[in-house]
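J.: Prediction below, plus the sequence it came from.
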Amino acid sequence: MATKILLVTGDAAESLEVFYPYQRLREEGYQVDIAAPTKKRLQFVVHDFVDGYDTYTEKPGYTWPADIALADVEPADYAALVIPGGRAPEYLRNDPHVQRIAQHFFAADKPVAQICHGPLIPAAAGLL
């Protein structure tokens, strides 16, 4: 059985920040499980710049099914944690299951990858 990696995300995560680590880790032989508030089809977003705008725009991106609900995650089953950015960490940071998961990885000194807004989650859990 392949080593398992947990990717914690939700609706409005940045498409590239989910799929780049997801695909690269799978290419290296890892099993990557996507955990979200519920086991459903997630709607990701794409942030891009438009001429004349002072900031980026947000558009619907890919959709993808979550493999497991956050409440059902047993963090000890995973070797590492990936937290993509986008807007998902803005609301996930206060989820008690997400905080429990993040606390496990930090306490066990396991690798935690945090992309863009991803650090909002360990920051809210008092881990940074």
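T.: Okay, I see it. Residues are numbered from 1 along each chain as shown.
J.: Tell me how many other residues crowd residue 62.
T.: When neighbours are counted by other Cβ atoms under 10 Å, residue 62 registers 14. Glycine gets a C-beta too; all of them are placed from N, C-alpha and C.
J.: and what of the one 4 residues further on?
T.: Residue 66 sits with 21 neighbouring residues when counted by other Cβ under 10 Å.
J.: And for it, nearest residue in space, chain neighbours not counted?
T.: Spatial nearest neighbour of residue 66, chain neighbours left out: residue 36 (3.7 Å); criterion: Cβ to Cβ, 6 or more residues apart in numbering.
J.: ditto for residue 2
T.: Residue 2's closest residue in space is residue 31 (Cβ to Cβ, 6+ apart), at 4.3 Å.
J.: Isn't that neighbour up against residue 4?
T.: Yes: the criterion here is Cβ atoms under 8 Å, and residue 31 meets it with residue 4 at 4.7 Å.
J.: circling back: quick one, what contacts the residue nearest to residue 2?
T.: Taking Cβ atoms under 8 Å, 6 or more residues apart in numbering, we find residue 31 in contact with 1-5.
J.: What of residue 33?
T.: Contacts for residue 33 were tallied using Cβ under 8 Å, 6+ apart; they are 4-7, 67-68, 78.
J.: so where's the chain uncertain?
T.: 1 (pLDDT under 70).
J.: just so I have it, where are all the strands in it?
T.: With DSSP state E as the criterion, the chain has strands at 4-8, 31-36, 41-48, 57-65, 68-69, 80-83, 112-114.
J.: residues in contact with the fourth one?
T.: Read that as strand 57-65. Residues outside strand 57-65 that contact it (Cβ under 8 Å, 6+ apart): 12, 14-15, 18-19, 34, 39-50, 87.
J.: List the strands paired with that strand, with their directions.
T.: In the sheet, strand 57-65 lines up against strand 41-48 (antiparallel) (DSSP bridges).
J.: which residues touch the strand it pairs with?
T.: In contact with strand 41-48 (Cβ under 8 Å, 6+ apart) are residues 9-16, 18, 34, 36, 56-66, 86-87.
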